[in-house]
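Q: No sequence on hand, only this structure:
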DNA sequence: CAATATCCGACTTCTTCGGTCCGGGTTTAG
DNA sequence: CTAAACCCGGACCGAAGAAGTCGGATATTG
Ligand code: SF4
Ligand code: SF4
């Protein structure tokens, strides 16, 4: 529940890896897979999705591979997750396809939609570049400011 | 991916329902289930978990049922989700049980742990009481302030 | 042309979730 | 006392989704 897909996880790893190697023109899926020890074929499919979404550029043939299509700080974690796992929804009532049938009687879907937006906002505020700043500077996670505003 | 369990969903609905009926001493699982049209037996098990976690008080026998053990504004959505679905982790590396085996080589688990904490903070800042404030006052969701601080 | 790479859909396997069933124990109304 | 109404909790099962695999087509370079 509320767990990130491993595919999205891999996708973030791969993008971070690409962001850290800007000098190379392109890296093949196998290169990245080997670097982390994740199944090559699976990673390939993930990168393909990211390519189709426009986050990556691919180049077939020898010495081919993938490269970021934009600057690392212009790619948000939200986009990555969205590309790989589809639309982002905390609840099952995706309003459109097939959600739970008790949507009309449900009284908590509006508040939850608010929460959904908040979390999406969090994800959108994180870029690939941020992942590369390997820092966890002693300062323990302090939740000071109000994080979500449910009622206006 | 990143989707709330339906059980947690039901749990929140039930708690909200209880919060909105403070006059009644106790409501049976069947009452709540009928009110929303969710499977009674399933809801029963959810309420049992919430009881075991101390969020609810149960009373067997005729005219028995469940009641909130604390004030509605003292119960956070985080507690509910935690009670029903177990520990809250965005990633698979739960450090302790069985996570993914590439935890050592993984370079994004610390940043993601930060994100995890942020989202957990969001959930903790929401009380059952907040769910009852049925408001969505025209004001579109505005994300003004920075929502997550990755680097200190 | 041959080697290397991406591309892409279909497929199997595994886990989890949603839901049901049943055999208990408790309390209270009659 | 007894039966109804309720809570308790494990076992069970089908459906769905996630993780990973396979195989073939296509594009590029040497
Ligand atoms: S309609 Fe209500 S119960 Fe159904 S998925 Fe949405 S929030 Fe959950
Ligand atoms: S170790 Fe890395 S890849 Fe594995 S679950 Fe944690 S974040 Fe994801």
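A: Good, I have the coordinates. Predicted model only: the values in this text are computed from it and were never measured. Numbering: from 1, shown residues only, chains lettered A, B, ... in the order given. Ligands and ions are numbered 1, 2, ... in the order given.

Q: quick one: the lowest-mean-pLDDT helix or strand in chain A near chain B?
A: Lowest on mean pLDDT, DSSP states H and E among the helices and strands of chain A sits helix A:128-132, with a mean of 89. Yes: judged by CB under 8 Å from any CB of the partner chain, helix A:128-132 comes into contact with chain B through A:130, A:131. (C-beta placed from N, C-alpha, C; glycine too.)

Q: how distant is that helix from the center of its chain?
A: 12 Å (CA atoms, centre = their mean, to the nearest Å).

Q: residues from chain A in reach of DNA strand C?
A: A:1, A:28-30, A:41, A:44-45, A:47-48, A:51-52, A:58-66, A:92 (CB under 7 Å from any atom of the strand).

Q: Quick check: residue A:39 vs ligand 2, distance?
A: Plainly put, residue A:39 is 12 Å away from ligand 2 if you go by CB to the nearest ligand atom, to the nearest Å.

Q: Equivalent analysis for residue A:83, please.
A: As judged by CB to the nearest ligand atom, residue A:83 and ligand 2 stand 17 Å apart.

Q: could you say what helices and strands the least confident helix or strand of chain A packs with?
A: On a contact count with 3 or more CB pairs under 8 Å, 6 or more residues apart in numbering or on different chains; DSSP states H and E, helix A:128-132 meets helix A:6-20, helix A:77-85.

Q: Okay, buried residues for it please.
A: Residues of helix A:128-132 classed as buried by neighbour count (16 or more other CB atoms under 10 Å in any protein chain shown): A:128, A:130, A:131, A:132.

Q: That one close to ligand 2?
A: No: for helix A:128-132, no contact with ligand 2 is found by CB under 6 Å from any ligand atom; the gap never falls below 10.3 Å.

Q: Check what contacts that helix and list those residues.
A: Identification of contacts with helix A:128-132 by CB atoms under 8 Å, 6 or more residues apart in numbering or on different chains yields A:12, A:15-16, A:19-20, A:68, A:71-73, A:75-77, A:80, B:107-108, B:111, B:150-151.

Q: can we see that at 7 Å?
A: Residues outside helix A:128-132 that contact it (CB atoms under 7 Å, 6 or more residues apart in numbering or on different chains): A:12, A:15, A:16, A:19, A:20, A:72, A:73, A:75, B:108, B:111, B:150.

Q: out of these, which is most surrounded?
A: When neighbours are counted by other CB atoms under 10 Å in any protein chain shown, residue A:15 leads the contacts of helix A:128-132 with 28 neighbours.

Q: Report the separation between it and residue B:130.
A: Note on residue A:15: its distance to residue B:130, by CB to CB, to the nearest Å, is 35 Å.

Q: and residue A:63, how many neighbours?
A: A count of nearby residues for residue A:63, using other CB under 10 Å, gives 8.

Q: returning to what we had before: can I get the helices and strands packed on helix A:128-132 in JSON lines with mean pLDDT?
A: Below are the helices and strands packed on helix A:128-132 laid out as JSON lines (pLDDT from 0 to 100):
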{"stretch": "helix A:6-20", "mean pLDDT": "94"}
{"stretch": "helix A:77-85", "mean pLDDT": "95"}
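
Q: so where's chain A uncertain?
A: When residues are selected by pLDDT under 70, those of chain A lie in A:95-99, A:134-152.

Q: got the residues of it near ligand 1?
A: Neighbours of ligand 1 within chain A, by CB under 6 Å from any ligand atom: A:91, A:92, A:93, A:99, A:100, A:102, A:103, A:106, A:108, A:109, A:112.

Q: Chain A: strands as residue ranges?
A: Assigned by DSSP state E, chain A shows strands spanning A:56-59, A:65-68.

Q: Grab the nearest non-local neighbour of residue A:25.
A: On the basis of CB to CB, 6 or more residues apart in numbering or on different chains, the spatially nearest residue to residue A:25 that is not a chain neighbour turns out to be residue A:67, at 6.5 Å.
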